[in-house]
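In: Give me a 3D structure for the following:
(4 chains)
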Number of protein chains: 2
Amino acid sequence: MPRPSKKEHLVETAVKLFGRDGFHATGIDKILQEAGVARMTLYKHFRSKDELILAALRRRDEQFRIWFKSAIEKSGGTPAERLLASFDALDEWFAGRAFAGVPFTGCAFINATAEFSEANHPVHQLAAEHKRLILEYLRLLASSAGARDSDGLAWAISLLHEGAIVTAQVSSDIHAGQGAKKIARTVMAEHGIEVTTKSLANEDAY
Amino acid sequence: MPRPSKKEHLVETAVKLFGRDGFHATGIDKILQEAGVARMTLYKHFRSKDELILAALRRRDEQFRIWFKSAIEKSGGTPAERLLASFDALDEWFAGRAFAGVPFTGCAFINATAEFSEANHPVHQLAAEHKRLILEYLRLLASSAGARDSDGLAWAISLLHEGAIVTAQVSSDIHAGQGAKKIARTVMAEHGIEVTTKSLANEDAY
DNA sequence: TATTAGAGACTGAACGGTCTATATTAATTT
DNA sequence: AAATTAATATAGACCGTTCAGTCTCTAATA
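Out: Below you'll find the predicted structure:
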């Protein structure tokens, strides 16, 4: 059991290659070669390619949610401002500044459902769970921001996220997050949350 | 050259299988078998699998845009109402009622960019073009609806579409369109377009 | 009779997955 | 502490299958 765990490195490499080239187009051999790991090492840790895919997506879920939350929280504003800051985080991601040296290739979980369309496939379900976890976080922010209908607001913000991600991906629009942010501001106002552009206001939202 | 063109049937079958199982996961053999067509017939009409993919996506683009526009226009309202009706059309699609007997498996073009992430790959570019064409149509509606910033409104509606599509796909949310529609109403109001729920109003938008 | 279209065998490469032989490590025994 | 044994991780050859794509031979049409 070497210190820089081979298993970990394998999963990390899988995340990168699956993200870049897709799941079906990425062969076991390519991952093995890129990771500098032997075949049996993979099958010692994973039953099949599908299980490696699942492991890679679990790793990605963890990695992404940690980054996303920290990117939002380092903005340091009120919960309402953080909801808006989430769109700035997206643009950082789109520009390739979120995950060191790894260009933006869309959301791994949206991409996963594209390749595994059956809703009860484990991969598809994992993707749905990832989105659910993010929605939960947004719900917390919306609630803290004092939204009347925090479920509805969180759902709306989430939908705007998805829209921005897909627009950035398909149409190479690096600034889709800023466009979505403007819409988010309008939606938040509708939910009784006004955020002035340069604000220290809304302190009563706490 | 038989009357029910083999080439046409091949492309139609490809659209179906690529849509259901993805591009890389769908082998030539499966398409051939499903279409009841011989190998050489395919390579008589297409240089490679990639060209069949492109042909299938072109067919899908045509098919989808025709359906989408007609679904919107048969709602028969004002341009502003049609912008909103687009979300009802999406929900019809999500529920599997748009394309006879073919269950919803997400947008073929979003799915395509998931498998072909390189922005200058012909498949990716075709997907971008498809989105551009839909955006153009929305721009026309937004303009007819009397939007102050028709470009901005069309872009926002498009982003809401993408968000609804992805939410329906990943989270099996058949009613994502209705949620997006509510947001659209708010955004339209912000653009100076009010549409009452049961309206024959806004006739001056013409 | 000339031309074209179709069926199926065939190709080399790549697929996911297995097997075995060899290092490497850890534990046990002197 | 050293030597030996036991256990495990690794490398790379190997398996049958499937991949995209080609070739040839036959059947149908003009």
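
In: Look at A:T196 and report its pLDDT.
Out: Looking at A:T196, its pLDDT stands at 84.

In: so who does the residue nearest to A:S75 when sequence neighbours are not counted touch?
Out: The shortest distance from A:S75 to any non-neighbouring residue, by C-beta to C-beta, 6 or more residues apart in numbering or on different chains, is to A:A85 (3.8 Å). C-beta here means a position set from N, CA and C on the backbone, and glycine is covered the same way. Counting by C-beta atoms under 8 Å, 6 or more residues apart in numbering or on different chains, A:A85 makes contact with A:A71, A:I72, A:S75, A:G77.

In: Of these, just the buried ones, PyMOL syntax please.
Out: To isolate the buried members of those in PyMOL, using 16 or more other C-beta atoms under 10 Å in any protein chain shown:
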select buried, chain A and resi 71+72+77
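
In: would a markdown table of the contacts of A:A85 with distance to B:Y43, pLDDT and secondary structure be doable?
Out: What follows is these, written out as a markdown table (distance: C-beta to C-beta, whole Å; pLDDT from 0 to 100; DSSP: H, G, I helix; E, B strand; the rest coil):
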| residue | distance to B:Y43 | pLDDT | secondary structure |
| --- | --- | --- | --- |
| A:A71 | 49 | 97 | helix |
| A:I72 | 52 | 97 | helix |
| A:S75 | 55 | 90 | coil |
| A:G77 | 59 | 91 | coil |
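
In: Put together JSON lines for the contacts of A:A85, with distance to A:A95 on each row.
Out: Output for the contacts of A:A85, formatted as JSON lines (distance: C-beta to C-beta, whole Å):
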{"residue": "A:A71", "distance to A:A95": "12"}
{"residue": "A:I72", "distance to A:A95": "16"}
{"residue": "A:S75", "distance to A:A95": "16"}
{"residue": "A:G77", "distance to A:A95": "21"}
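
In: Among the contacts of A:A85, which one lies nearest to B:H24?
Out: Checking the contacts of A:A85 against B:H24 by C-beta to C-beta gives A:A71 as the nearest, at 32.0 Å.

In: re the thing from before, look up how far A:G76 lies from the residue nearest to A:S75.
Out: For A:A85, the distance to A:G76 (C-beta to C-beta, to the nearest Å) stands at 9 Å.

In: Please, where are all the helices along chain A?
Out: A:6-21, A:28-35, A:39-45, A:49-73, A:79-94, A:108-115, A:122-144, A:150-171, A:176-190 (DSSP state H).

In: Among these, which comes closest to B:L126?
Out: Among these, helix A:150-171 comes nearest to B:L126, with 10.5 Å by C-beta to C-beta.

In: Which strands or helices does that closest one pack on?
Out: Packing partners of helix A:150-171 (3 or more C-beta pairs under 8 Å, 6 or more residues apart in numbering or on different chains; DSSP states H and E): helix A:79-94, helix A:108-115, helix A:122-144, helix A:176-190, helix B:108-115, helix B:122-144, helix B:150-171, helix B:176-190.

In: Now mean pLDDT too, for the ones you listed, in a markdown table please.
Out: Converted to a markdown table, the helices and strands packed on helix A:150-171 look like this (pLDDT from 0 to 100):
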| stretch | mean pLDDT |
| --- | --- |
| helix A:79-94 | 98 |
| helix A:108-115 | 98 |
| helix A:122-144 | 98 |
| helix A:176-190 | 98 |
| helix B:108-115 | 98 |
| helix B:122-144 | 98 |
| helix B:150-171 | 98 |
| helix B:176-190 | 98 |
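
In: how about those in TSV, adding distance to A:K49?
Out: TSV is the format used below for the helices and strands packed on helix A:150-171 (distance: least, C-beta to C-beta, whole Å):
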stretch	distance to A:K49
helix A:79-94	27
helix A:108-115	12
helix A:122-144	11
helix A:176-190	32
helix B:108-115	16
helix B:122-144	24
helix B:150-171	22
helix B:176-190	31
